[in-house]
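> Need a 3D model of the following:
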Amino acid sequence: MKLNMEYADRAEVIILSDNHCEQVILGSDMVKRPGALTAKPGETEVELKAEHGFSCAVRLFKGDERHSIMLDVGRSGSVAVENASWVGFDLKEIETLVLSHGHWDHVGGISKLAKEFNKPVKVVVHPDAFLTRYVTQADGGKLRFPDFRPDLFSEKEVIFETHKNPVLLANNLIATTGEIPRVTEYEKGFPPQLAVRHNKLVPDIQVWDDQSIVFILKDKGPVIISGCGHSGIVNTVRYCLELTGFTKPLAVIGGFHLCWPTPETVVRATLDDLKEYSPNYIVPCHCTGWETTCKIAREMPESFILSTVGCTISL
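Numbers count the residues shown, from 1 in each chain. Below you'll find the model as predicted:
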(Lines give C-alpha, C1' and ligand atoms only; values in the text may rest on other atoms or scores of the structure.)
Protein backbone atom coordinates (compact mmCIF):
# COMPACT_ATOMS: atom_id res chain seq x y z
CA MET A 1 0.00 0.00 0.00
CA LYS A 2 1.53 3.28 -1.13
CA LEU A 3 0.28 6.51 0.44
CA ASN A 4 -0.35 9.66 -1.58
CA MET A 5 2.09 11.85 0.33
CA GLU A 6 3.39 15.33 -0.43
CA TYR A 7 7.14 15.99 -0.33
CA ALA A 8 8.63 18.50 2.10
CA ASP A 9 11.42 20.85 1.02
CA ARG A 10 13.24 20.52 4.34
CA ALA A 11 12.68 19.42 7.93
CA GLU A 12 13.92 19.77 11.47
CA VAL A 13 13.75 17.00 14.07
CA ILE A 14 14.15 18.32 17.63
CA ILE A 15 14.89 15.77 20.38
CA LEU A 16 12.94 16.95 23.43
CA SER A 17 13.11 13.87 25.68
CA ASP A 18 15.64 11.07 25.51
CA ASN A 19 17.92 9.01 27.74
CA HIS A 20 21.13 10.87 27.01
CA CYS A 21 22.23 14.38 27.91
CA GLU A 22 25.61 15.62 26.68
CA GLN A 23 26.31 19.35 26.82
CA VAL A 24 29.98 19.44 25.87
CA ILE A 25 29.71 17.77 22.47
CA LEU A 26 30.23 19.99 19.46
CA GLY A 27 27.49 20.36 16.89
CA SER A 28 27.76 20.59 13.12
CA ASP A 29 26.05 22.29 10.21
CA MET A 30 23.48 19.48 10.29
CA VAL A 31 23.10 18.94 14.05
CA LYS A 32 22.74 21.89 16.39
CA ARG A 33 23.62 21.02 19.99
CA PRO A 34 23.00 23.68 22.63
CA GLY A 35 25.14 23.44 25.72
CA ALA A 36 28.12 24.69 27.65
CA LEU A 37 30.34 25.14 24.62
CA THR A 38 27.72 27.19 22.77
CA ALA A 39 27.11 29.71 25.57
CA LYS A 40 28.70 33.10 25.06
CA PRO A 41 30.24 35.11 27.93
CA GLY A 42 27.49 36.60 30.05
CA GLU A 43 24.81 34.24 28.75
CA THR A 44 22.98 31.73 30.94
CA GLU A 45 24.20 28.20 30.31
CA VAL A 46 21.58 25.87 28.92
CA GLU A 47 20.37 23.35 31.53
CA LEU A 48 19.07 20.41 29.53
CA LYS A 49 17.60 17.31 31.19
CA ALA A 50 17.33 13.64 30.24
CA GLU A 51 15.05 10.82 31.36
CA HIS A 52 14.11 7.28 30.38
CA GLY A 53 11.60 8.39 27.79
CA PHE A 54 11.24 9.75 24.28
CA SER A 55 9.71 12.80 22.64
CA CYS A 56 10.56 14.74 19.51
CA ALA A 57 9.09 17.58 17.50
CA VAL A 58 9.15 17.63 13.71
CA ARG A 59 9.01 20.85 11.73
CA LEU A 60 8.19 20.45 8.03
CA PHE A 61 8.62 23.16 5.40
CA LYS A 62 7.16 23.23 1.89
CA GLY A 63 7.14 26.55 0.05
CA ASP A 64 5.29 28.95 2.32
CA GLU A 65 3.84 26.11 4.41
CA ARG A 66 5.18 25.22 7.84
CA HIS A 67 3.85 22.43 10.03
CA SER A 68 4.82 21.09 13.46
CA ILE A 69 4.03 17.58 14.65
CA MET A 70 5.06 15.94 17.93
CA LEU A 71 5.83 12.25 18.47
CA ASP A 72 5.39 11.15 22.10
CA VAL A 73 5.72 13.28 25.21
CA GLY A 74 8.30 11.47 27.31
CA ARG A 75 7.90 10.04 30.79
CA SER A 76 7.46 13.18 32.87
CA GLY A 77 6.46 15.91 30.44
CA SER A 78 8.55 18.40 32.40
CA VAL A 79 11.72 17.26 30.61
CA ALA A 80 10.20 17.90 27.18
CA VAL A 81 8.75 21.22 28.32
CA GLU A 82 12.00 22.49 29.85
CA ASN A 83 14.16 21.31 26.97
CA ALA A 84 11.80 22.91 24.46
CA SER A 85 12.13 26.20 26.33
CA TRP A 86 15.93 26.02 26.34
CA VAL A 87 16.15 25.42 22.59
CA GLY A 88 13.53 28.03 21.75
CA PHE A 89 10.84 25.65 20.49
CA ASP A 90 7.34 26.99 21.16
CA LEU A 91 5.08 24.04 22.01
CA LYS A 92 2.09 26.07 20.87
CA GLU A 93 3.29 25.33 17.33
CA ILE A 94 2.18 21.71 17.65
CA GLU A 95 -0.75 20.88 15.36
CA THR A 96 -1.02 17.18 16.11
CA LEU A 97 0.46 14.85 18.70
CA VAL A 98 1.16 11.26 17.64
CA LEU A 99 1.64 8.61 20.32
CA SER A 100 3.83 5.72 19.25
CA HIS A 101 2.26 3.35 21.82
CA GLY A 102 0.79 3.37 25.31
CA HIS A 103 3.85 2.80 27.50
CA TRP A 104 4.42 5.33 30.26
CA ASP A 105 7.84 6.49 29.09
CA HIS A 106 6.14 7.77 25.91
CA VAL A 107 2.74 9.00 27.16
CA GLY A 108 3.32 9.83 30.84
CA GLY A 109 3.93 13.51 30.18
CA ILE A 110 0.76 14.22 28.24
CA SER A 111 -1.03 16.26 30.94
CA LYS A 112 2.06 18.42 31.49
CA LEU A 113 2.41 19.04 27.76
CA ALA A 114 -1.30 19.72 27.30
CA LYS A 115 -1.05 22.76 29.56
CA GLU A 116 1.65 24.17 27.28
CA PHE A 117 -0.32 23.68 24.07
CA ASN A 118 -2.83 26.31 25.24
CA LYS A 119 -5.53 24.69 23.08
CA PRO A 120 -7.06 21.23 22.65
CA VAL A 121 -4.62 19.23 20.54
CA LYS A 122 -5.53 16.28 18.35
CA VAL A 123 -3.82 13.09 19.55
CA VAL A 124 -3.51 10.23 17.06
CA VAL A 125 -3.17 6.87 18.79
CA HIS A 126 -3.86 3.18 18.21
CA PRO A 127 -6.80 1.89 20.33
CA ASP A 128 -4.60 -0.74 22.03
CA ALA A 129 -2.60 2.06 23.65
CA PHE A 130 -5.37 2.27 26.27
CA LEU A 131 -5.14 -1.36 27.38
CA THR A 132 -4.44 -2.20 31.02
CA ARG A 133 -1.01 -3.77 30.86
CA TYR A 134 1.50 -5.65 32.98
CA VAL A 135 5.07 -6.76 32.47
CA THR A 136 6.32 -10.09 33.84
CA GLN A 137 9.42 -9.63 35.97
CA ALA A 138 12.38 -11.98 36.40
CA ASP A 139 11.02 -13.36 39.70
CA GLY A 140 7.66 -14.15 38.09
CA GLY A 141 5.87 -11.16 39.58
CA LYS A 142 3.74 -8.85 37.47
CA LEU A 143 4.30 -5.09 37.43
CA ARG A 144 1.33 -3.01 36.30
CA PHE A 145 1.92 -0.15 33.91
CA PRO A 146 0.45 3.20 34.99
CA ASP A 147 -3.07 3.63 33.64
CA PHE A 148 -3.49 5.50 30.36
CA ARG A 149 -7.12 5.97 29.30
CA PRO A 150 -9.10 8.72 27.54
CA ASP A 151 -11.29 9.30 30.59
CA LEU A 152 -8.24 10.44 32.56
CA PHE A 153 -8.02 13.55 30.38
CA SER A 154 -10.27 16.49 29.63
CA GLU A 155 -11.35 17.27 26.06
CA LYS A 156 -10.18 20.80 26.85
CA GLU A 157 -6.65 19.35 26.90
CA VAL A 158 -6.55 16.70 24.19
CA ILE A 159 -8.87 15.17 21.62
CA PHE A 160 -8.07 11.51 21.00
CA GLU A 161 -8.43 9.93 17.57
CA THR A 162 -7.90 6.17 17.43
CA HIS A 163 -6.69 4.56 14.21
CA LYS A 164 -5.27 1.18 13.29
CA ASN A 165 -4.36 2.23 9.76
CA PRO A 166 -2.01 4.96 8.49
CA VAL A 167 -3.14 8.55 8.87
CA LEU A 168 -1.96 11.48 6.74
CA LEU A 169 -1.23 14.68 8.67
CA ALA A 170 0.14 18.18 8.08
CA ASN A 171 -1.48 18.62 4.68
CA ASN A 172 -0.28 15.15 3.64
CA LEU A 173 3.37 15.89 4.43
CA ILE A 174 3.68 13.27 7.17
CA ALA A 175 2.01 9.95 7.95
CA THR A 176 1.57 7.60 10.83
CA THR A 177 2.14 3.94 10.02
CA GLY A 178 -0.68 2.50 12.09
CA GLU A 179 -0.16 -1.21 12.73
CA ILE A 180 3.15 -2.43 11.34
CA PRO A 181 3.19 -5.88 9.67
CA ARG A 182 5.52 -8.37 11.37
CA VAL A 183 7.66 -10.01 8.71
CA THR A 184 11.10 -10.78 10.15
CA GLU A 185 11.53 -14.00 12.09
CA TYR A 186 13.82 -12.55 14.73
CA GLU A 187 11.87 -9.45 15.85
CA LYS A 188 9.63 -10.87 18.57
CA GLY A 189 7.81 -7.83 19.96
CA PHE A 190 7.84 -7.51 23.76
CA PRO A 191 7.59 -11.04 25.21
CA PRO A 192 7.16 -10.06 28.92
CA GLN A 193 4.02 -8.00 28.27
CA LEU A 194 0.49 -8.96 29.31
CA ALA A 195 -2.77 -7.09 28.77
CA VAL A 196 -6.36 -7.24 29.95
CA ARG A 197 -8.66 -8.17 27.06
CA HIS A 198 -12.30 -9.12 27.61
CA ASN A 199 -11.64 -9.16 31.38
CA LYS A 200 -8.84 -11.70 31.03
CA LEU A 201 -5.09 -11.19 31.46
CA VAL A 202 -3.51 -12.55 28.29
CA PRO A 203 -0.14 -12.31 26.50
CA ASP A 204 0.29 -9.03 24.62
CA ILE A 205 3.63 -9.77 22.99
CA GLN A 206 3.10 -8.06 19.64
CA VAL A 207 2.33 -4.56 21.00
CA TRP A 208 0.07 -3.82 18.04
CA ASP A 209 -0.28 -0.18 19.04
CA ASP A 210 3.41 0.40 18.25
CA GLN A 211 3.51 2.82 15.33
CA SER A 212 5.99 5.25 13.78
CA ILE A 213 5.86 8.37 11.63
CA VAL A 214 7.37 8.95 8.19
CA PHE A 215 7.81 11.93 5.88
CA ILE A 216 9.55 12.42 2.53
CA LEU A 217 12.06 15.10 1.64
CA LYS A 218 12.16 16.24 -1.96
CA ASP A 219 15.13 14.82 -3.89
CA LYS A 220 16.34 13.01 -0.75
CA GLY A 221 13.91 10.33 0.42
CA PRO A 222 11.92 9.18 3.45
CA VAL A 223 12.71 9.95 7.09
CA ILE A 224 11.44 7.33 9.55
CA ILE A 225 10.99 8.11 13.26
CA SER A 226 10.22 5.32 15.71
CA GLY A 227 9.18 5.77 19.32
CA CYS A 228 10.27 2.42 20.74
CA GLY A 229 10.34 0.01 17.83
CA HIS A 230 8.44 -2.84 19.52
CA SER A 231 7.32 -3.84 16.02
CA GLY A 232 10.99 -4.35 15.19
CA ILE A 233 12.95 -1.53 13.64
CA VAL A 234 13.57 -3.58 10.49
CA ASN A 235 9.85 -4.32 10.15
CA THR A 236 9.26 -0.60 10.68
CA VAL A 237 11.73 0.50 8.01
CA ARG A 238 10.40 -2.09 5.58
CA TYR A 239 6.80 -0.94 6.02
CA CYS A 240 7.64 2.77 5.82
CA LEU A 241 9.43 2.16 2.52
CA GLU A 242 6.35 0.32 1.27
CA LEU A 243 4.11 3.22 2.31
CA THR A 244 6.32 5.79 0.60
CA GLY A 245 7.33 3.80 -2.48
CA PHE A 246 11.08 4.04 -1.83
CA THR A 247 13.71 1.34 -1.51
CA LYS A 248 16.12 3.23 0.76
CA PRO A 249 15.55 5.57 3.72
CA LEU A 250 17.25 8.92 4.03
CA ALA A 251 17.22 8.66 7.84
CA VAL A 252 16.11 6.28 10.59
CA ILE A 253 15.64 7.96 13.96
CA GLY A 254 14.29 6.82 17.33
CA GLY A 255 14.10 3.93 19.73
CA PHE A 256 15.03 0.53 18.27
CA HIS A 257 14.32 -1.52 21.43
CA LEU A 258 17.58 -3.45 21.33
CA CYS A 259 18.54 -2.87 24.94
CA TRP A 260 19.32 -5.65 27.41
CA PRO A 261 18.10 -8.43 27.58
CA THR A 262 17.71 -8.60 23.79
CA PRO A 263 19.66 -11.70 22.60
CA GLU A 264 22.86 -10.95 20.71
CA THR A 265 21.56 -12.98 17.76
CA VAL A 266 18.64 -10.54 17.40
CA VAL A 267 20.92 -7.50 17.67
CA ARG A 268 23.24 -8.99 15.06
CA ALA A 269 20.44 -9.79 12.61
CA THR A 270 18.92 -6.33 13.08
CA LEU A 271 22.17 -4.48 12.43
CA ASP A 272 22.93 -6.61 9.38
CA ASP A 273 19.52 -5.82 7.87
CA LEU A 274 19.74 -2.12 8.73
CA LYS A 275 23.09 -1.96 6.95
CA GLU A 276 21.46 -3.54 3.90
CA TYR A 277 18.95 -0.66 3.81
CA SER A 278 21.93 1.72 3.97
CA PRO A 279 20.29 4.86 5.43
CA ASN A 280 22.25 8.08 4.92
CA TYR A 281 21.72 8.85 8.61
CA ILE A 282 20.91 6.64 11.58
CA VAL A 283 20.08 8.15 14.98
CA PRO A 284 19.45 5.51 17.67
CA CYS A 285 17.62 6.90 20.70
CA HIS A 286 16.01 5.90 24.00
CA CYS A 287 15.61 2.10 24.26
CA THR A 288 18.15 1.16 21.61
CA GLY A 289 20.57 0.42 24.44
CA TRP A 290 24.08 1.71 25.03
CA GLU A 291 25.89 -1.40 23.76
CA THR A 292 23.83 -1.54 20.57
CA THR A 293 24.26 2.18 20.01
CA CYS A 294 28.02 1.73 20.27
CA LYS A 295 27.89 -1.11 17.75
CA ILE A 296 25.93 1.07 15.32
CA ALA A 297 28.49 3.84 15.76
CA ARG A 298 31.34 1.42 15.01
CA GLU A 299 29.70 -0.40 12.11
CA MET A 300 27.95 2.56 10.44
CA PRO A 301 30.29 5.44 11.31
CA GLU A 302 29.49 7.64 8.31
CA SER A 303 25.73 7.38 8.97
CA PHE A 304 25.70 7.49 12.78
CA ILE A 305 24.49 10.57 14.67
CA LEU A 306 24.48 10.62 18.47
CA SER A 307 21.10 11.62 19.87
CA THR A 308 21.28 14.05 22.79
CA VAL A 309 18.40 15.96 24.36
CA GLY A 310 17.98 19.40 22.89
CA CYS A 311 19.67 18.68 19.58
CA THR A 312 18.07 19.79 16.32
CA ILE A 313 18.73 17.64 13.25
CA SER A 314 18.26 19.61 10.02
CA LEU A 315 17.46 17.52 6.97
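> which stretches of the stretch 1-150 of the chain have low pLDDT?
The model of the stretch 1-150 of the chain has pLDDT under 70 over residues 36-44.
> hey, where'd the strands end up in it?
10-17, 31-32, 55-62, 65-71, 96-98, 121-125, 133-136, 142-144 (DSSP state E, counting those that start in this stretch).
> Neighbouring strands of the fifth one in the sheet, and parallel or not?
This points to strand 96-98. Paired with strand 96-98 in the same sheet, following DSSP bridges, are strand 65-71 (parallel), strand 121-125 (parallel).
> what distance separates it from the centre of its chain?
Between the mean C-alpha location of strand 96-98 and the chain-wide mean there is a distance of 11 Å, by C-alpha atoms, centre = their mean, to the nearest Å.
> Export the strands paired with strand 96-98 to JSON lines and append columns for distance to residue 182 and mean neighbour count.
All C-beta spots, glycine's among them, are computed from the backbone N, C-alpha and C. Shown next, in JSON lines, are the strands paired with strand 96-98 (distance: least, C-beta to C-beta, whole Å; neighbours: other C-beta atoms under 10 Å):
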{"stretch": "strand 65-71", "distance to residue 182": "21", "mean neighbour count": "21"}
{"stretch": "strand 121-125", "distance to residue 182": "20", "mean neighbour count": "20"}
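> Adding distance to residue 224, write those strands out as a markdown table.
A markdown table is the format used below for the strands paired with strand 96-98 (distance: least, C-beta to C-beta, whole Å):
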| stretch | distance to residue 224 |
| --- | --- |
| strand 65-71 | 11 |
| strand 121-125 | 17 |
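> of all those, which lies closest to residue 272?
Comparing these by their distance to residue 272 (C-beta to C-beta), the top pick is strand 65-71, with 26.8 Å.
> ok, residue 93 - contacts?
57, 59, 68 (C-beta atoms under 8 Å, 6 or more residues apart in numbering).
> contacting residues for residue 252?
224, 226, 233, 237, 274, 277, 279, 281, 282, 283.
> Which pLDDT value goes with the first one?
Read it as residue 224. On pLDDT, residue 224 comes in at 98.
> Show me the beta-bridge partners of it.
Those that pair with residue 224 in a beta bridge, by DSSP bridges, are residue 214, residue 252.
> Is it correct that it is in contact with residue 248?
No. With the criterion set as C-beta atoms under 8 Å, residue 224 and residue 248 do not qualify as a contacting pair; they are 11.1 Å apart.
> related to what we said a few turns ago, neighbour-wise, give me the winner out of the contacts of residue 252.
residue 226 (33 neighbours; other C-beta atoms under 10 Å).
> Give the closest residue to that one in space, chain neighbours not counted.
Spatial nearest neighbour of residue 226, chain neighbours left out: residue 254 (3.5 Å); criterion: C-beta to C-beta, 6 or more residues apart in numbering.
> Can you pull the phi/psi pair for the one you found?
Phi and psi for residue 254, reported as degrees, to the nearest 10, are phi 120, psi -170.
> name the helices or strands packed onto the host helix or strand of residue 274?
When elements are defined using DSSP states H and E, residue 274 is found to belong to helix 264-277. Packing contacts for helix 264-277, counted by 3 or more C-beta pairs under 8 Å, 6 or more residues apart in numbering; DSSP states H and E, involve helix 233-244, helix 290-299.
> Recalculate using a threshold of 10 Å.
Using 3 or more C-beta pairs under 10 Å, 6 or more residues apart in numbering; DSSP states H and E as the contact test, the elements touching helix 264-277 are helix 233-244, strand 281-285, helix 290-299.
> before we move on, the earlier item: make a markdown table from the strands of the stretch 1-150 of the chain and add distance to residue 208 to it.
What follows is the strands of the stretch 1-150 of the chain, written out as a markdown table (distance: least, C-beta to C-beta, whole Å):
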| stretch | distance to residue 208 |
| --- | --- |
| strand 10-17 | 24 |
| strand 31-32 | 33 |
| strand 55-62 | 22 |
| strand 65-71 | 18 |
| strand 96-98 | 16 |
| strand 121-125 | 12 |
| strand 133-136 | 12 |
| strand 142-144 | 19 |
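> So for residue 196, which of these sits nearest?
strand 133-136 (7.6 Å).
> which residues sit in contact with the most centrally placed residue in the chain?
For the chain, the residue whose C-alpha lies nearest the mean C-alpha position (C-alpha atoms, centre = their mean) is residue 227; its distance is 2.7 Å. In this structure, residue 227 makes contact with 53-56, 71-72, 98-101, 103, 105-107, 210-213, 236, 254-255, 257, 285-287, judged by C-beta atoms under 10 Å, 6 or more residues apart in numbering.
> now residue 269
Under the contact definition (C-beta under 10 Å, 6+ apart), the residues listed for residue 269 are 184, 185, 186, 187, 232, 234, 263.
> among the residues you listed, who's most crowded?
Neighbour counts for these peak at residue 232, which has 27 neighbours (criterion: other C-beta under 10 Å).
> and the residue lying closest to residue 102 once chain neighbours are set aside, how many neighbours does it have?
Counting by C-beta to C-beta, 6+ apart, residue 129 is the residue found nearest to residue 102 once chain neighbours are left out, at 3.2 Å. Applying other C-beta under 10 Å, we find 25 other residues in the vicinity of residue 129.
> Okay then, goodbye and thanks.
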